[in-house]
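Trainee: Based on what follows, work out the 3D shape:
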Amino acid sequence: MTLTLQKEQQRINCQKVLPTRGVPSLLDDVQTGLLESPRKLPAKYFYDDHGSQLFDKICDTKEYYPTRTEDALLQAAANDIIELAKPDHVVELGSGTSRKTRRLLTACEDQNCQVKYWPFDVCEEIVREASENLVDEYQWLDVNGLVGDYNAGLEHLPNLNGNSLYVFLGGTIGNFEHDDGVAFLSELRKTMSSDDMLLIGADRVKDEQVLNAAYNDKAGMTAAFNLNLLNVLNREVESDFDSEKFKHHAFFNHDESQIEMHLIATEKQTVKLAALEEEISFNKGDSILTEISRKFTATSLCNMLEEAGFQLNQHFSPDNNYFSLVLASPE
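Mentor: Sure thing, here's the model as predicted:
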């Protein structure tokens, strides 16, 4: 092992974040979500290895604007965000590969603000890989990886000395129904001190054609991503779904202000769930709701944050108002 590699590894730490409450397993979610009507499953099960690769491809499609729009907005606003937050720590919930977070870390570097970075993700392998890449790119950076499920509670997050900037990007707040989103943000607020700040990314309401196209790309990446959920079920629940007998369907539900992704049965069929010793009967046209992605107005986003106990510090949005980054602090 070279001296340089040893020094880089010394700047990386990884620890488990213990849950504060139980989180349903896939079997639990299948039992409550597929055996009861209306049928639905949490979107988190999309992301096996193949699903994660497909999502990366979705982000590169012409139609899928959220990732590149948020990244460009971060690039434009990062220096202002760091100047306002003055963080000693950057804590990112659902950090993944930390690709967009580099905008913030570069702004820290430009302002000689040597933060410590705390990526929090359910997959330890991804946390470690991202950490190694970051300490290689930023020679001054220490990374303290956190491995756990933020849906299982935030009470056991480390107590940090100094100002912390909590980061929740990707429009992920839109995957929560309203009450669940407010509950999640309220729980996060309780872990924060009065000097901490939250940076949250949220997708905005816009022309329905733009929204519908983003989840129905011509290359079929989103369709493949959605249908891959059936492969996950076949592997993990010992089911016998035939993906050829289902089709991807995504649309903007105007009344709920959300994109809905469904898997629609294309013919009458029966599916076995061996791990549960159950069967599911589908008629042609029956649906499984696999994801919601709520879209916000500037007002509805701020109202949600206020309901969770935050006050708005700064609102960043591009000229077309396609996306929002909001910097907020506990009231």
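Trainee: Tell me where the model's unsure across the chain.
Mentor: Confidence mapping of the chain against pLDDT under 70 gives the ranges 1-9.
Trainee: show me where it has strands.
Mentor: 12-16, 39-40, 89-93, 116-121, 142-147, 164-168, 197-203, 246-253, 258-265, 269-273, 278-282, 287-294, 310-316, 323-330 (DSSP state E).
Trainee: Tabulate these (TSV), appending distance to Asn228.
Mentor: Glycine gets a C-beta too; all of them are placed from N, C-alpha and C. Output for the strands of the chain, formatted as TSV (distance: least, CB to CB, whole Å):
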stretch	distance to Asn228
strand 12-16	28
strand 39-40	17
strand 89-93	24
strand 116-121	20
strand 142-147	24
strand 164-168	25
strand 197-203	22
strand 246-253	10
strand 258-265	10
strand 269-273	16
strand 278-282	18
strand 287-294	10
strand 310-316	34
strand 323-330	26
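Trainee: Redo those as JSON lines? Include distance to Ala213 and mean neighbour count.
Mentor: Shown next, in JSON lines, are the strands of the chain (distance: least, CB to CB, whole Å; neighbours: other CB atoms under 10 Å):
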{"stretch": "strand 12-16", "distance to Ala213": "39", "mean neighbour count": "14"}
{"stretch": "strand 39-40", "distance to Ala213": "24", "mean neighbour count": "19"}
{"stretch": "strand 89-93", "distance to Ala213": "29", "mean neighbour count": "23"}
{"stretch": "strand 116-121", "distance to Ala213": "29", "mean neighbour count": "23"}
{"stretch": "strand 142-147", "distance to Ala213": "36", "mean neighbour count": "21"}
{"stretch": "strand 164-168", "distance to Ala213": "26", "mean neighbour count": "25"}
{"stretch": "strand 197-203", "distance to Ala213": "14", "mean neighbour count": "25"}
{"stretch": "strand 246-253", "distance to Ala213": "10", "mean neighbour count": "18"}
{"stretch": "strand 258-265", "distance to Ala213": "11", "mean neighbour count": "20"}
{"stretch": "strand 269-273", "distance to Ala213": "30", "mean neighbour count": "16"}
{"stretch": "strand 278-282", "distance to Ala213": "28", "mean neighbour count": "16"}
{"stretch": "strand 287-294", "distance to Ala213": "14", "mean neighbour count": "20"}
{"stretch": "strand 310-316", "distance to Ala213": "24", "mean neighbour count": "16"}
{"stretch": "strand 323-330", "distance to Ala213": "16", "mean neighbour count": "22"}
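Trainee: Which of those strands sits closest to Leu211?
Mentor: strand 246-253 (4.6 Å; CB to CB).
Trainee: For Val271, which residues are in contact?
Mentor: Taking CB atoms under 8 Å, 6 or more residues apart in numbering, we find Val271 in contact with 239-241, 279-280, 282.
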